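In: This is a predicted model, with the sequence first.
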Amino acid sequence: MERFWTLQNHSIVVSECQVMVRRMRRRLLDTDRLCEFPEGSSSKVVVTLQDYRTLQYGTFLNDIVIDFYLTYLYETYLTEEFKATVHIFSTMFYERLLRRGAGSFEEDKSLNSVQKRHQRVAGWTKAVDLLEKDMIIFPICEHSHWYLVIAIKPRLVTKSKEDRLVLGEPYFLVLDSMGEKHGLAVTIIQGYLDMEWRAKRGSVANFHSSNMRVVTPVKPEQHNTSDCGIYLLHYVEKIFISPPSFHWPETAATSLAAWFPLEEVAAKRGDLARLIRVMAEEQGRGQQALAWPNLNFLDPLMAEEVLDNQEEVILCGCQSCQL
């Protein structure tokens, strides 16, 4: 069947093939599972239609979509060598770090707030030597706003300046698509790493800014109020193209102003939607085709630029259109 799209008044008009096959497809409910990744894994992220709907332009991405694509990037962009050097926390980690739990230690007056925070998440790294990683990624959502704090080579905090010239420099990279510095979040993560070091190494290390500086680079940033999650994902995707490039703070501090064109990130919602659709079709082998909802993934102000850079935009998602 012929594939095509049209553009009217800066909005996508779906091709007639969607109407023709709709009666043959199963209508989806918000709670329906669309796909999972990695498929069959105990650590899989399951995407439902409700999660998929957050890809509509003007909507904040939810935590499932963030976790889904970060996991996808880790598994598909990184070689085995680099996988061993990177750790990505789930979007729930930072929230759990801050949220008071039901453990008896919460009432222990001999423990300070930093110690209590670490105890809340101590089990998260039971099987991981976190401080041997070259890159520890913390995706954070506060007040409906997504941003990243990344700890680069934290184990080098005990090394001399001479050693750092050869091995790399430990630092925190803060990537917020609205340009905020998030000093409090960095302080909380510094405290967490301090306690993690004590728990795993039995000694004390200094993760504070005097020894592990904080870099908040000039970079591409969002021009609307809803794309913070999209930028978070695109930042990680671009980092994963060459993780070693970010082992040196000078790279992040001086070379990211023209990191990527706006058209790339403007197309991201549609790219993610197509990825989920392809996985759903592949994982639903032999089942009835799905009736995908009509959603607009493009910023109206960027639609023409994005479409000019693509051969075709397919929104219907039917099997005959071969997403």
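Out: Yep, that arrived.
In: When you work out contacts or count neighbours from here on, use the C-alpha atoms and nothing else.
Out: Will do.
In: Work out for me the element Ile189 sits within.
Out: helix 183-201 (DSSP states H and E).
In: Need the phi and psi values for Trp248.
Out: Main-chain dihedrals, Trp248, degrees, to the nearest 10: phi -120, psi 120.
In: what ranges do the strands span in the protein?
Out: 6-8, 11-13, 26-27, 33-37, 45-48, 86-88, 135-142, 145-152, 171-175, 213-215, 290-291 (DSSP state E).
In: sorry, back to before: show me what the helix holding Ile189 is packed against.
Out: helix 113-120 (3 or more CA pairs under 8 Å, 6 or more residues apart in numbering; DSSP states H and E).
In: Please identify the buried residues of the helix it packs on?
Out: Neighbour-count burial for helix 113-120, counted by 16 or more other CA atoms under 10 Å, picks out Val114, Gln115, Lys116, Arg117, His118, Gln119, Arg120.
In: how much distance is there from stretch 276-285 to the middle of the chain?
Out: Relative to its chain's centre, stretch 276-285 lies at 21 Å (CA atoms, centre = their mean, to the nearest Å).
In: picking up where we left off before, can you lay out the strands of the chain as TSV showing mean pLDDT, distance to Thr254 and mean neighbour count?
Out: Putting these into TSV (pLDDT from 0 to 100; distance: least, CA to CA, whole Å; neighbours: other CA atoms under 10 Å) gives the following:
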stretch	mean pLDDT	distance to Thr254	mean neighbour count
strand 6-8	39	39	11
strand 11-13	42	37	18
strand 26-27	79	50	14
strand 33-37	96	35	20
strand 45-48	98	35	20
strand 86-88	98	23	19
strand 135-142	98	19	21
strand 145-152	98	16	24
strand 171-175	98	13	26
strand 213-215	96	10	18
strand 290-291	87	46	20
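In: got CSV for those, with distance to Lys238 too?
Out: Below are the strands of the chain laid out as CSV (distance: least, CA to CA, whole Å):
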stretch, distance to Lys238
strand 6-8, 30
strand 11-13, 28
strand 26-27, 36
strand 33-37, 20
strand 45-48, 22
strand 86-88, 14
strand 135-142, 14
strand 145-152, 13
strand 171-175, 12
strand 213-215, 17
strand 290-291, 32
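In: closest to Phe260 out of those?
Out: Nearest of these to Phe260, taken as CA to CA: strand 171-175 at 14.2 Å.
In: Now do the closest one and helix 183-201, the angle between them.
Out: 140 degrees (axes from the mean of the first three to the mean of the last three CA atoms, to 10 degrees).
In: so where do the helices sit in the stretch 201-323 of the chain?
Out: Using DSSP state H, counting those that start in this stretch, the helices of the stretch 201-323 of the chain run over 228-241, 249-254, 262-266, 268-283, 303-308.
In: what's the most buried one of those helices?
Out: Counting by mean count of other CA atoms under 10 Å, helix 228-241 has the highest mean neighbour count of the helices of the stretch 201-323 of the chain, with a mean of 20.
In: Tell me the confidence at the nearest residue to His234 once chain neighbours are set aside?
Out: Leaving aside its chain neighbours, His234 sits nearest to Val265 (6.7 Å; criterion: CA to CA, 6 or more residues apart in numbering). Predicted confidence (pLDDT) at Val265: the value is 94.
In: Could you number the chain from 2 rather than 1 from now on?
Out: Let's use 2 as the start, then, which means that last one is Val266.
In: Which of the strands of the chain sits closest to Asp195?
Out: Using CA to CA, these put strand 146-153 closest to Asp195, at 12.3 Å.
In: And the closest one, what does it pack against?
Out: Counting by 3+ CA pairs under 8 Å, 6+ apart, strand 146-153 packs on strand 136-143, strand 172-176, helix 229-242.
In: For it, which outside residues touch it?
Out: 135-142, 170-178, 186-187, 229-230, 233, 247-248 (CA atoms under 8 Å, 6 or more residues apart in numbering).
In: I'd like the distance from that strand to the chain centre, please.
Out: 9 Å.
In: could you check the angle helix 184-202 makes with it?
Out: Going by the same axes, to 10 degrees, strand 146-153 makes 40 degrees with helix 184-202.
In: So the residue nearest to Asn207 when sequence neighbours are not counted versus Phe173, what's the distance?
Out: Nearest non-adjacent residue to Asn207, counting by CA to CA, 6+ apart: Val158, 6.5 Å away. Counting by CA to CA, to the nearest Å, the separation of Val158 from Phe173 is 12 Å.
In: Overlap of the contact sets of these two?
Out: In contact with both Val158 and Phe173: Met213, using CA under 8 Å, 6+ apart.
In: Make TSV from the helices of the stretch 202-324 of the chain and add distance to Asp33 to it.
Out: Listed next are these as TSV, based on distance: least, CA to CA, whole Å:
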stretch	distance to Asp33
helix 229-242	23
helix 250-255	41
helix 263-267	27
helix 269-284	11
helix 304-309	30
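In: Of all these, which one comes closest to Glu37?
Out: Closest of the helices of the stretch 202-324 of the chain to Glu37 is helix 269-284, at 7.8 Å (criterion: CA to CA).
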